[in-house]
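Trainee: Sharing a model that was predicted from the sequence below.
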Amino acid sequence: MLFNSLTFIVFFAIVLVLHQMPFSWRTKKTNLLIASYLFYATWNPPFVILIWISTLVDWHLAKRIFVETQQSKRKRLLLGSILVNLGLLGYFKYGEFLLHNWQLLMSTMGIDYQVPEWSIILPVGISFYTFQTMAYTLDVYLKRAEPSKNFLDFSLFVTFFPQLVAGPIVRPTHLIPQFETERKVTKNMFIWGLGLMTVGLFSKIVIADGMLAPIVDQVYKAKGAVIFTDAWLGTMAFAGQIFSDFAGYSTTAIGVSLALGFSLPTNFNFPYAAIGFSDFWRRWHISLSTWLRDYLYIPLGGNKKGARRTTINLMLTMLIGGLWHGASWTFVVWGGLHGLYLIIERILSKKFKGAQWLKKNSTRILLALMTYLLVCITWVFFRAQSFPQAFELIQSMFGFNSAERSVLPTVYLIEAIVVTIAMLFIHWKMRNTSLEAVVQKTPWFITGIVWGIMLILIIISQGSGDAFIYFQF
Amino acid sequence: MPSFISNSKDSNSKGSSTMNSHKEKDYYYHENRPIPEIPWKKVLILAFAFMFIGVVAWEYNARVAWSYDPEAYIDSKGIWTIERRRIDHSDKNTVAVIGSSRILFDLDLNSYEQLTGTRPIQLALVGTSPRPLLKDLASDEDFVGLLIMGITPGNFFSGRGGLFANNPKYYVKESPTQRISQQLSMLIEPYLAFYDNSNWPLFTLIGRMDFENNVAKHDPVSMVWTLSEMDKDRNTKMFWKVEDVPYYQKHAQATWQNFFDLGDKFGAPPFDLDEFLEGVSKDINTIRTRGGDVVFVRTPSSDVYRDRENKFQPRDKYWDRLLSQTNSVGVHFEDHPELQGFRTPEWSHLHSDDAPVYTSELVPILDQKLKEVGKPGIIDE
């Protein structure tokens, strides 16, 4: 169920009441597990079976890997886990994509291969929980951690409803220990949890859905080329939309968990204030970027095997990161562009290492703006439905299109400009601080009023309850 | 060099931790998230008090300043699906209605029920051709009743599905959470005037601010404002402001005019009438084969709307052919003086006071026409 749905309000109220009852910790955890399965089943009940498969396979294989001493057997067991997890992901998410590419390959060789009809529904959040369970087995294999001793704790780790379908992708070493001993929810923890939920839902409902989504749709659903300003503002609006949507989900998930007494990691840290792309990836979808770092980039050799290999590792990591987002070559190009940016940045950083002008505030602001604009270019490939559409927009953005077609009405132009400037300003001001630190410094009544205004805007901006963009990944 | 991808000691060290004791010092991880130390209880009370006042003020604005009636339901996919599910338990006495907004507004279910003893299942959808719904019902073995199909010429004879053509898919795929949310929403819809997806979300209202626009395609100012009010079973009537408030009525007319202008500018998409009617006939025959039937109703239109319909979908080439090719009974308002002279405030839909009268006139005509061709009527003798 969606956080921004009436069903969730009722569901969460029941979960909270049950969690506050004087039950044993084990009973409370069992309640949370059942609630988590229900939460997932309300999309499509049969898909709960996929989570059960993932849970059982990784629970048993990790245990066997841990006790096994022969490296070859450990490897085989790990391979078994990876095959099951990536097999499910591959079948449901990439099956059609692979078949179509196979057909293209065959046709280049003159073979007429007909793709069978593929009408498989993508299980919501499969990429998230697949990576989460794989981290568990990989941690045990890499001897970074021991397997959990309690099946209930492990099952809850795989299924914990606040972050099940769109992250943050939590590490077993972070979450499983929190299930082991009873966690008391303090009054302040509970209220701050509600506060974070409000911030997250405000971000999603008011900014992403209310203000920006119509602007983005107007530009990205236009037939034919659009003018320079519309192409840029539509893309900047998408930059804001995807951040507000995804960070909104993460913040709500963190708030929901906190209200239940659990701590989830921060997933976004004001990414549009990033100076450079490595900084951007330290601030954007942090739980994915660190997952890719720890379970892909480093096992590939990271930056320890020479400059050439580092470049290859970086590019490979980012290409796979792109493909993780969706079964389309446009996502691969999105990842590839980020890989390219990171490689260029690496070269330039070496060249200009220690340069004083880089430390000037004005230079830093310019570099942050440049980073933002270059990130916006990558978003075109992320949002466009096809390469021709993406290239058409890129042409418009660089003035190579003689289009005279304006699709954004004045009110949308104003909204896009206001939101973009406000977002960049807030991200820059928050670059070296946190929401918690700002709230701490703000007079309490201002916090109360701002919170109240956000609640009002959430209620009066009610729309059709659109799904979060990242659910499709 | 700062890099998110670095072989950090923490994350790459081996054998240094266990699942139970490991506390990785990742910069983004908080074992216990920091909680600002402020008087939270006061903050919470203030926030909720503020919210309460704000929402009450917004509701007051909707009810008093804008004169919206809270006693209406939102026309959503969910409410349509509730009605669509009734087909699953239907029988030969079931009457279902499909079409676009015209038959939705113009056919008053209360009057129909009064005359026939049967309350139709209202499945018509605004801005949507009945063609995909006909296909949907033809493929549903459960439907064996009478289908009343409202025809809005420009909308039906176009080959386009329209705004809610995917509703049948939604009906099949509706998730449990969507179903529950619909039920919960219907508990509060009749009590809040501002709770109305089509008219009251904040940014919909902001989009209607009167700015100078220079756009080729879409101007939110000229989008459709609320035109109707709906009951729990989708019995629908025209919204009183369209009838009584001149600027609101003019806006509705201007919206249609804007659509006409866009249609003239971009032209109609290719449409093959022969192929279209072949598909319609096939679906109708499928329904008839299992004991059901289909009838057509052409509801009134006026002024610019009617002129355009007569110009682009002349009756002899479209309506008459539809009836003959599908071998169906049809009621066209132009053929019956009793069905003429009703008010159409924005040229396309009947005034809320006229819809019940129109329905009361329509039902006996339809009944008689069915009986004339040897079919069972809709009014019991």
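Mentor: That came in fine, so what should we check first?
Trainee: Excluding chain neighbours, what is closest to the closest residue to chain B within chain A?
Mentor: Proximity to chain B, evaluated over chain A using C-beta to the nearest C-beta, is greatest for A:G452 at 2.5 Å. Using the backbone N, CA and C atoms, a C-beta is placed for each residue, glycine as well. Sequence neighbours aside, B:F50 is the residue nearest to A:G452 in space, at 2.5 Å (criterion: C-beta to C-beta, 6 or more residues apart in numbering or on different chains).
Trainee: immediately after the helix or strand containing that neighbour, which helix or strand?
Mentor: Per DSSP states H and E, B:F50 falls inside helix B:40-60. Sequence order places helix B:77-86 as the next helix or strand after helix B:40-60, per DSSP H and E.
Trainee: how about that next one: buried residues?
Mentor: The neighbour-count check on helix B:77-86 (16 or more other C-beta atoms under 10 Å in any protein chain shown) flags B:77-84 as buried.
Trainee: Nearest to chain A among these?
Mentor: Closest approach between the buried residues of helix B:77-86 and chain A, by C-beta to the nearest C-beta: B:K77, at 8.6 Å.
Trainee: what ranges do the strands span in the stretch 101-250 of chain A?
Mentor: Counting by DSSP state E, counting those that start in this stretch, one finds no strands in the stretch 101-250 of chain A.
Trainee: Need the residues that contact the helix holding B:F50.
Mentor: Identification of contacts with helix B:40-60 by C-beta atoms under 8 Å, 6 or more residues apart in numbering or on different chains yields A:187-188, A:191-192, A:194-195, A:198, A:444-445, A:447-449, A:451-453, A:455-456, A:459-460, B:192-194.
Trainee: what's the average pLDDT for that helix?
Mentor: Average pLDDT, helix B:40-60: 95.
Trainee: same thing with stretch A:187-207?
Mentor: 95.
Trainee: Now do the helices in the stretch 251-381 of chain B.
Mentor: Assigned by DSSP state H, counting those that start in this stretch, the stretch 251-381 of chain B shows helices spanning B:273-289, B:303-312, B:319-326, B:354-372.
Trainee: right, and those helices - which one's nearest chain A?
Mentor: helix B:273-289 (21.4 Å).
Trainee: looking at the chain, which helix or strand does the model trust least?
Mentor: Going with chain A. In chain A, the helix or strand scored least confidently by mean pLDDT, DSSP states H and E is helix A:95-108, which has a mean of 82.
Trainee: does the helix or strand hosting A:E436 come close to chain B?
Mentor: Per DSSP H and E, A:E436 falls inside helix A:435-441. Yes - for helix A:435-441, a contact with chain B is found by C-beta under 8 Å from any C-beta of the partner chain, at A:436-437, A:439-440.
Trainee: Thought B:R179 was touching B:S76, still the case?
Mentor: No - in this structure, B:S76 is not within contact of B:R179 by C-beta atoms under 8 Å, at 11.9 Å.
Trainee: Between the two, which has more neighbouring residues?
Mentor: B:S76 (23 against 16; other C-beta atoms under 10 Å in any protein chain shown).
Trainee: Relative to B:N110, how far out is that one?
Mentor: 22 Å (C-beta to C-beta, to the nearest Å).
Trainee: Over to A:L358?
Mentor: A:L358 is 76 Å from B:N110, by C-beta to C-beta.
Trainee: can you check B:V55 too?
Mentor: 33 Å.
Trainee: quick revisit: enumerate the positions of the helix holding B:F50 that are buried.
Mentor: B:40, B:43-44, B:46-47, B:50-51, B:54-55, B:58-59.
Trainee: what do you get for stretch A:66-73?
Mentor: Buried residues in stretch A:66-73, counted by 16+ other C-beta under 10 Å: A:66, A:68.
Trainee: how far out from the middle of the chain is that stretch?
Mentor: Here stretch A:66-73 shows a centroid-to-chain-centroid distance of 34 Å under the convention C-alpha atoms, centre = their mean, to the nearest Å.
Trainee: ok, now stretch A:236-254?
Mentor: 9 Å.
Trainee: and that stretch, is it in reach of chain B?
Mentor: Yes - in terms of C-beta under 8 Å from any C-beta, part of stretch A:236-254 sits within range of chain B, namely A:I254.
Trainee: Check whether the nearest residue to A:M197 once chain neighbours are set aside sits in a helix, strand or coil.
Mentor: Distances taken as C-beta to C-beta, 6+ apart put A:G255 closest to A:M197, at 3.6 Å, once the chain neighbours are dropped. Here A:G255 is recorded as helix under DSSP: H, G, I helix; E, B strand; the rest coil.
Trainee: And for B:V97?
Mentor: strand.
Trainee: Would you agree it is in contact with B:L123?
Mentor: Yes - assessed by C-beta under 8 Å, B:V97 is found in contact with B:L123 at 6.1 Å.
Trainee: Pull up the overlap in contacts between the two.
Mentor: With C-beta under 8 Å, 6+ apart, B:V97 and B:L123 have no common neighbours.
Trainee: in which helix or strand would I find B:M149?
Mentor: Judged by DSSP H and E, B:M149 forms part of strand B:146-150.
Trainee: Okay, now the sheet partners of that strand, with direction.
Mentor: strand B:95-98 (parallel), strand B:293-298 (parallel) (DSSP bridges).
Trainee: how about the longest one: buried residues?
Mentor: Applying a neighbour-count criterion of 16+ other C-beta under 10 Å, one finds B:293-298 buried in strand B:293-298.
Trainee: ok and that strand relative to helix B:303-312, angle-wise?
Mentor: 120 degrees (axes from the mean of the first three to the mean of the last three C-alpha atoms, to 10 degrees).
Trainee: and strand B:293-298, average pLDDT?
Mentor: Rounded mean pLDDT across strand B:293-298 is 96.
Trainee: What are the contacting residues of it?
Mentor: In contact with strand B:293-298 (C-beta under 8 Å, 6+ apart) are residues B:99, B:103, B:107, B:134, B:146-151, B:153, B:284, B:287-288, B:319, B:322-323, B:326, B:328-334, B:362, B:366, B:369-370, B:375.
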